[in-house]
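*Asks:* whatever this is, show me its structure:
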Amino acid sequence: MTPDLWVEDLGALPLVRSANVVRRLPHTIIVSLLERQPVALVPTPTMEPVDGDGIRLPLDPASHRLDLPILETEYPFMEGGRIMPPRTRLLASEVNRLMQADTAFLQMLSEVLWGERTTVWLLDGPSLMWIFYYPLAYLQSGFGKV
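*Replies:* Next up, the predicted model:
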């Protein structure tokens, strides 16, 4: 079996984002994996974790004690599909960006959903709502040149 076939097989696993296999003769094989990390939960109607690309992950949130915000999503889902609808993927991408910037802030959130037009609402329980009035493209550009 060649390293390229191993990379292809490993990359097909649902929790593997990317794989690299290097063969060093005579007796060494180095395998590097980049895992998919859950960033939010999506009601499908059961709660399922998704990564920053909006890919559904085969993890049981109860077994793994996932404390993640819930993303608003669009229906219907593709039956058996792993990829979320486009707007859900955009929200997952934004949550991933926020998680990389400040994990503590993201852990305070209970829900992330779309507001009017392209605003993003971040809900922290029933008492507090964070609203980004800027278009998502503006947020993704790093708030422009402030």
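
*Asks:* got the CA positions of the strand or helix carrying Val112 in PDB?
*Replies:* Val112 belongs to strand 111-114 when elements are defined using DSSP states H and E. What follows is strand 111-114, C-alpha atoms only, in PDB (Å, rounded to 0.1, in the frame of the first residue of the first chain):
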ATOM      1  CA  GLU A 111     -27.100  30.400  20.600                       C
ATOM      2  CA  VAL A 112     -25.800  31.900  17.400                       C
ATOM      3  CA  LEU A 113     -28.400  32.800  14.800                       C
ATOM      4  CA  TRP A 114     -29.100  35.100  11.800                       C
END
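
*Asks:* what packs against that strand?
*Replies:* Packing partners of strand 111-114 (3 or more CB pairs under 8 Å, 6 or more residues apart in numbering; DSSP states H and E): strand 70-71, helix 86-101, strand 120-124. All C-beta spots, glycine's among them, are computed from the backbone N, C-alpha and C.

*Asks:* one more pass at 10 Å, please.
*Replies:* The helices and strands touching strand 111-114, judged by 3 or more CB pairs under 10 Å, 6 or more residues apart in numbering; DSSP states H and E, are strand 40-43, strand 70-71, helix 86-101, strand 120-124.

*Asks:* and of these, who's closest to Trp6?
*Replies:* Proximity to Trp6 (CB to CB) singles out helix 86-101 among those, at 27.4 Å.

*Asks:* in the closest one, what counts as buried?
*Replies:* Neighbour counts over helix 86-101 (16 or more other CB atoms under 10 Å) mark Arg87, Thr88, Arg89, Leu90, Leu91, Ala92, Ser93, Glu94, Val95, Asn96, Leu98, Met99 as buried.

*Asks:* now that helix: average pLDDT?
*Replies:* In this model, helix 86-101 has a mean pLDDT of 86.

*Asks:* what's the offset of that helix from the middle of its chain?
*Replies:* 6 Å (CA atoms, centre = their mean, to the nearest Å).

*Asks:* check which residues of the very next helix or strand once past it are buried.
*Replies:* Sequence-wise, the next helix or strand downstream of helix 86-101 (DSSP H and E) is helix 103-107. For helix 103-107, a neighbour-count test (16+ other CB under 10 Å) marks Leu106 as buried.
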